[in-house]
Every structure is written in structure tokens, then in C-alpha cells.
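Chemist: Make a model of this:
(2 chains)
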Amino acid sequence: MRYVTAFGRFWYDFLIGDRPELFVGPIVALVLVAMLIQAGWSAVGGLLLFALVVASGGVGLGRDLAVARARSDQ
Amino acid sequence: MSVVLFTVLSSFIASAVEFVEALTVVLAVGVTRQWRSTLLGAGAAVLVLVALVAVLGLTIATLVPIELLRLVVGAVLIVFGLQWLTKAILRAAGARASRDEVATFGRQLAALAKEPPVPATGTDWISFTVAFKGVLLEGLEVAFIVVTFGAAGGQLAPALLGAGLAGIGVLGVGAAVRQPLARLPENQLKFGVGLMLVSFGTFWAGEGIGVAWPASDLSILLLLAGYLAASLLAVRTVAAGLVRRTAPTPMQTRQELN
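Modeler: The predicted structure is shown next:
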């Protein structure tokens, strides 16, 4: 059981760590684009996926910038 | 052909960065304790990593349907690549400290100095364990990249070639200079690897959910160009955000002058 927990902890730290928005953002993006493609909007699927991944990175950077600013205020 | 070259290059750069970090640990242990046990530990870790890549790479590629594999691997590569890329953007913009191999080397030396002395005969298990753990932990990221590229893109051989060349190159330079490779532009390399991982990840995950990429495999280059442009813009935006925060406002400047 200890090894299973350690294995799960390793993957959690590896993929999520202290930046969950960089994990959730791309997953939500893929679900949204998959739904759009199913609805027949496949022509814009690639462009939308790219834009949503960029937006996910932007959200993560915004949070990191806020943390960096808070640290410089201390 | 472009995908093969791209895979070799991505794997080479990603692996080189991780091997440099592993080399710092190995050098610190070897210099302060015992080279034979250190190299045995590092070698054992490399064997474990090679076995992991061979078993996982072949098992995943043969057992999981390709569409599902590309979706899962692509999603994981986007997540993993975004972590590398955003950290590299923050470092390039000055919002995060860069990794300092010399400082890491110094911390390792200080930590090892507190350990019991090296035994007069036989294997020094402290050297073996520290080197084994250091190489295994850094190498797991290399193994992860090699397995994902190999499984999703059918590029196991090019990915292994890139990792192998990086290992030989870093070990060769490390053996020659016998000190941490501090002059390597580590952040620029991580920036490049992050871009490549996110580009490949977007391409494969997109294929997995049914995206019809307009230029087939060449779309990876278009994605790379798009992510590069967005990342450079992000570096400028973050740097400007930090400067705005630290620069005095016109009102503050007038008050200071008065």
C-alpha cells in the first residue's frame, strides 16, 4: 500500500504539483474541442486547441506573476 | 523525415538538460567520497532506466490502441511541456531565479560532508545510493520523454538516439572538465524543450480527438512557431509586469523630488 501511495504521489507531483491550472486547463481544452468536433466544427478544432493551450499557460503565468509580486512586496 | 529529426533533437536537448543536473550530483559524490561506488550507483540507475524505457515503451505501444495512446500521451506532454515552458518564461523575464549548477554542487558537497567517512575497503553505500537516486530521479524525466515520443509517434529509436547522444556528450564533457557544467544555457534549452513538448503534445492529442491538421506532420512546425511567438510575447509581458510593479509612479516620483 505504501508503494501505491508513493507511486500516486510521484505522478501527482510530476504532473500537477503546485500548479493545478496547468493540468486542468489543457484537459478542459481537449474536452471542449472534442465536443466541438463531435458537433461538426472540425475545421476550427486545431486553431481552438492551440488558443486554449496558450490561454492555459497564460492563466498559469498570471498566477506565478501575482506570487512573484507578492514576494517582492514582502 | 522532419518528425524523426525533430524527435532526435527534442530528446537530445531534454536529455542533455537532465544529464547535466545528474552530472552535478555524480561529480559531488565522486569528488568527496569514492569514485568507484559513485559510478556503480550511477551505472545501476542507467540500467534501471534503460529497462524501464524498453519494457514500458514496447508494452504501451503494442497494447494500447494508437488513437487513445496519442490522446493520453499528447495531453500529458502538453501538461508537462507547459510546466517547463512557463518556468522558462518566468526565468527569462526575471520573475524566477535560474538554476545554478555551481551552487547546487556546493550544497551537495556540504550535505555529503556531514555523512560518515568512506569505509577503508569495499563499496561505499552512501556514494552508491546518492549517485543512484540522483541519476534515477533526473533520468526519469528523460525516460518519460523517450517513452512518450516512442509510443505515440512510433519514434522510439530516434528518441533513444537523441537521449543516448546527449548522455555521451554530457558524460564526455563532464569527464574532461571534472566540474559542474555551469556555462550551459540551461534556461534557453528548457525553453526549447518546453516548446517542443507542447507542440508535439498538441499535435498528438489533437489527432486523438479527431482534429484534421491542415498540413499533416508539418503542422507541428506551425504549432512550434505559434507557441514560440506566444512565449516571447509572454516573456515581454511578464517582464513589463514586474517593472511596472517596481518602478515608482509619477506621483511617487514627484513626492520624492519634493
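Chemist: pull the CA atoms of the helix or strand harbouring residue B:112 into CSV?
Modeler: Assigned by DSSP states H and E, residue B:112 falls within helix B:101-113. Extracted in CSV, the C-alpha atoms of helix B:101-113 (Å, rounded to 0.1, in the frame of the first residue of the first chain):
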residue,chain,number,x,y,z
GLU,B,101,24.8,24.3,-11.0
VAL,B,102,27.8,25.6,-9.0
ALA,B,103,25.5,26.5,-6.0
THR,B,104,23.8,23.1,-6.3
PHE,B,105,27.3,21.4,-6.4
GLY,B,106,28.3,23.4,-3.3
ARG,B,107,25.1,22.3,-1.4
GLN,B,108,25.7,18.7,-2.3
LEU,B,109,29.3,18.9,-1.1
ALA,B,110,28.1,20.4,2.2
ALA,B,111,25.5,17.7,2.7
LEU,B,112,28.0,14.9,1.9
ALA,B,113,30.5,16.4,4.4
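Chemist: what sits against residue 27?
Modeler: Since you didn't name a chain, this refers to chain A. Neighbouring residues of residue A:27 by CB atoms under 8 Å, 6 or more residues apart in numbering or on different chains: B:75, B:79. Where C-beta positions appear, they are placed from N, C-alpha and C, glycine not excepted.
Chemist: let's do chain B instead
Modeler: B:105, B:174, B:178-180.
Chemist: hang on, the earlier thing: tell me which other helices or strands the very next helix or strand once past the helix holding residue B:112 touches.
Modeler: Counting by DSSP H and E, the next helix or strand C-terminal to helix B:101-113 is helix B:125-153. Using 3 or more CB pairs under 8 Å, 6 or more residues apart in numbering or on different chains; DSSP states H and E, the elements in contact with helix B:125-153 are helix B:2-32, helix B:35-63, helix B:66-93, helix B:156-177, helix B:186-209.
Chemist: Just the buried residues of the next helix or strand after the last one, please?
Modeler: So that's helix B:186-209. Once the chain leaves helix B:186-209, the next helix or strand it forms, by DSSP H and E, is helix B:219-246. For helix B:219-246, a neighbour-count test (16 or more other CB atoms under 10 Å in any protein chain shown) marks B:219-220, B:222-224, B:226-227, B:230-231, B:234-235, B:237-239, B:241-242 as buried.
Chemist: filter these down to the ones close to chain A.
Modeler: Subset of the buried residues of helix B:219-246 in contact with chain A: B:219, B:223, B:226-227, B:230, B:234, B:237-238, B:241-242, counting by CB under 8 Å from any CB of the partner chain.
Chemist: Summarise which helices and strands the helix or strand harbouring residue A:53 is packed against.
Modeler: Using DSSP H and E, residue A:53 sits within helix A:45-73. Under the contact criterion of 3+ CB pairs under 8 Å, 6+ apart, helix A:45-73 touches helix A:21-38, helix B:66-93, helix B:186-209, helix B:219-246.
Chemist: Can you tell me which of those helices is most buried?
Modeler: helix B:186-209 (a mean of 24; mean count of other CB atoms under 10 Å in any protein chain shown).
Chemist: Contacts for stretch B:103-115, please.
Modeler: B:21, B:24-25, B:27-29, B:31-33, B:126, B:130, B:179-180.
Chemist: 6 Å instead?
Modeler: With contacts defined as CB atoms under 6 Å, 6 or more residues apart in numbering or on different chains, stretch B:103-115 is touched by B:24, B:28, B:32, B:126, B:180.
Chemist: State the pLDDT value of residue 23.
Modeler: You didn't say which chain, so I picked chain A. pLDDT for residue A:23: 93.
Chemist: please go with chain B instead
Modeler: For residue B:23, the predicted pLDDT is 87.
Chemist: Likewise for residue B:42?
Modeler: Residue B:42 is given a pLDDT of 91.
Chemist: State the number of residues packed around residue 13.
Modeler: As the question left the chain open, I've gone with chain A. 10 (other CB atoms under 10 Å in any protein chain shown).
Chemist: Chain B is the one I meant
Modeler: Residues near residue B:13, counting by other CB under 10 Å: 19.
Chemist: how near is it to residue A:55?
Modeler: To residue A:55, residue B:13 is 26 Å away according to CB to CB, to the nearest Å.
Chemist: Understood, closing this out.
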